[in-house]
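Undergrad: no letters, just coordinates:
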């Protein structure tokens, strides 16, 4: 019985360490997080806490977060720009 509990605990620990923080804890990724800014637009802001946690816990998780766009902050009114073409 103890061996099963230890095995389950080990699996859960490994799964937690191998997951990327922003992907797991950041919620659903929006379109503005996925798309790269056009030339001349400001760059996307990065979630600092998630990046530090990825680097400390499991650095390949940071690669996953950048690939999915989850590491970037969700768009708000303050960090989005609207381009009007007349």
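TA: Received, thanks. On a predicted model such as this, the values are computed, not experimentally measured, just so you know.
Undergrad: what comes up buried for the worst-scoring helix or strand of the chain on mean pLDDT?
TA: One helix or strand of the chain scores below all others by mean pLDDT, DSSP states H and E: helix 21-25, with a mean of 73. For helix 21-25, burial by neighbour count (16 or more other C-beta atoms under 10 Å) applies to 21, 22, 23. Where you see a C-beta, it was placed from the backbone N, CA and C, and this is true even at glycine.
Undergrad: could you dump those to a markdown table with distance to residue 34?
TA: Output for the buried residues of helix 21-25, formatted as a markdown table (distance: C-beta to C-beta, whole Å):
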| residue | distance to residue 34 |
| --- | --- |
| 21 | 18 |
| 22 | 13 |
| 23 | 13 |
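Undergrad: this structure: helices as residue ranges?
TA: Along the chain, counting by DSSP state H, helices occupy 2-18, 21-25, 31-34, 48-57, 60-68.
Undergrad: can you lay out the ones you listed as CSV showing distance to residue 40?
TA: Shown next, in CSV, are the helices of the chain (distance: least, C-beta to C-beta, whole Å):
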stretch, distance to residue 40
helix 2-18, 38
helix 21-25, 26
helix 31-34, 16
helix 48-57, 25
helix 60-68, 22
